[in-house]
Structures are given as structure tokens and as C-alpha cells.
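Novice: pasted the sequence and its predicted model underneath.
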Amino acid sequence: MDTLIFKEASYEKDGLKTFTGLASPYEKAGDAILTYFSSKLSTVCVLDGVSSSKSPNESSKLCKSTLKAFFKSKRAFKIDEYKDVIEGLNKEMNKKGLASTLSQVVISEEHIFAFTIGDSQIFLYDKDDELVYESWPQNVGFSNSKENSNGNIILNWLGNDYVRFEVAQFEKNRIKSGVVISDGVLDFLEVSKQSLKDIKKSLLEDYQKISSNNLLDDSSFVYFEY
């Protein structure tokens, strides 16, 4: 299957390397990727517009622009301020009939935070390339679960009546790298069951080939490392 949209990008600043990829079989991708870098506060985020919303493309783009404006205005990260922005964004999306998942890593001077709303996921690895954190997908099973035909039904998303998010916090020196993915990646890559070396090869070297041959939905990722 050929993708209608395929984008890749890489960036390095202050020792933080990132690589992003987005593939979509649609004319307008429902996924969006946010990356913002500064010496004191950086963030990477994958946003997956929900297909049953008024507009998946508009949903993910509104999340991206709102969060980008928030982080550009900050030099330090305070979770209460972030929570207030998420709550305001959720109400705005709910009124407009928009809906999106969110998986975001925030990197401050001393800590790394992982936030998840919906069925996109975050995987974090230590200096030995061992998996130390896997966010819990807030859905009924996994999108690539053949045994569960309802595996891609999302139980929580931005634009819901009562949004909730999973949060994890780590000392910055404990985490060496991480992968943030939309659920579409799970259709062709079992991230939690593979070594980080194999994951990097699939995403950083073979993503266009793999996604083109297996793409069922919007699929996007951010890989980062120090």
C-alpha cells in the first residue's frame, strides 16, 4: 500500500537528538507531531485526531498549536499550569466536536515527564537500553490485537466530557532515550516486545518501507535520545 503522506525529520540541540516520522493513507493526516526545543525546557508530542470526531486533522492541529504556544511562553515546567491548559483545551475541543489523543514527553533541566491521554503510547529506556516505562493505552485492548475486534475503541481522549491523563516523572539522568507513538504504529510494530536496537532500525531506517506495506491508519512517532 502506498502512502499519500509521508514525512520524516531529524533535529539535534544541546545534546538532544530527535527523529520523527508520519505516514498517512489519507489526503489530510489525522496525526500531528509537536517538537519544541530550548535549553531549559523541551517537549515532543504525538497527537492522533480521533476518526469519529468532526475533523481528525483539525483536532490534532488545534492541540499542537495550543501546546506549542504554551511551551514557547515558559522557561520552567509547572504541572499545575500544564493541567490548566489541558483542561481549557479539552473544553474547547468538546464544544467544537473535536477529539484527539495525546502522548507527550516534557524535558526540564532536572526531570522528564510523560503524559498520556488516550491510546497513543510512550516507551522510555535507561542507559542500558532497558525499558523502564510503558504508558498504559486507554483503550479496549491494542489496535493490532486480532483476538479483539474492538481493540481500537478509545476510552479517553481530549474533547471528552471528563478528560484524565496518566503521568509519570523520572530523574533526567535515569532516562537515555524514548519513543512516542500513535496507535497506528502498533499495527506493524510491537514496540514493547522488541529490543531498542530493532525498534530504532524499524523507525529510523525502514519506516517508509514498513509503513507503506502495512499502513492501515495514520501512524506517527518521535524517537529521542541524549
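Specialist: Arrived safely.
Novice: could you list the low-pLDDT ranges of the chain?
Specialist: 1-2, 141-152 (pLDDT under 70).
Novice: ranges for the helices of it?
Specialist: Secondary structure of the chain by DSSP state H: the helices cover 56-72, 79-96, 196-200, 207-214.
Novice: these: which one's closest to residue 103?
Specialist: helix 56-72 (11.1 Å; CB to CB). Glycine gets a C-beta too; all of them are placed from N, C-alpha and C.
Novice: buried residues in that closest one?
Specialist: For helix 56-72, burial by neighbour count (16 or more other CB atoms under 10 Å) applies to 56-64, 66-67, 70-71.
Novice: quick one on the thing from earlier: so which of the helices of the chain comes closest to residue 130?
Specialist: helix 196-200 (8.2 Å).
Novice: tell me the buried residues in the closest one?
Specialist: Buried-residue list, helix 196-200, by 16+ other CB under 10 Å: 196, 199, 200.
Novice: relative to the whole chain's centre, how far out is it?
Specialist: 17 Å (CA atoms, centre = their mean, to the nearest Å).
Novice: repeat for stretch 91-110
Specialist: For stretch 91-110, the distance to the chain centre is 10 Å (CA atoms, centre = their mean).
Novice: looking at the helices of the chain, spot the one closest to residue 122.
Specialist: Per CB to CB, nearest to residue 122 of those: helix 196-200, 13.0 Å.
Novice: give me the helices and strands touching that closest one, please.
Specialist: With contacts defined as 3 or more CB pairs under 8 Å, 6 or more residues apart in numbering; DSSP states H and E, helix 196-200 has no helix or strand neighbours.
Novice: what lies in contact with that helix?
Specialist: Contact with helix 196-200 is made by 125, 129, 131, 177, 179, 189, 191, 223, as judged by CB atoms under 8 Å, 6 or more residues apart in numbering.
Novice: residue 116: which of the residues you listed is nearest?
Specialist: Of the contacts of helix 196-200, the one sitting nearest to residue 116 (CB to CB) turns out to be residue 179, at 12.9 Å.
Novice: is residue 12 in contact with residue 37, as I believe?
Specialist: No: counting by CB atoms under 8 Å, residue 12 stays clear of residue 37, with 9.1 Å between them.
Novice: list the buried residues of stretch 204-214.
Specialist: Quick answer for stretch 204-214 (16+ other CB under 10 Å): 207, 210, 211, 214.
Novice: related to what we said a few turns ago, what about residue 12 and residue 37, which has more around it?
Specialist: residue 37 (16 against 11; other CB atoms under 10 Å).
Novice: what about that one, distance to residue 108?
Specialist: 13 Å (CB to CB, to the nearest Å).
Novice: in stretch 186-196, what's buried?
Specialist: Of all the residues in stretch 186-196, those buried under the rule 16+ other CB under 10 Å are 186, 187, 188, 189, 191, 196.
Novice: that should have said stretch 110-123, apologies.
Specialist: Neighbour counts using 16+ other CB under 10 Å place 112, 113, 114, 115, 116, 117, 118, 119, 120, 121, 122, 123 of stretch 110-123 among the buried residues.
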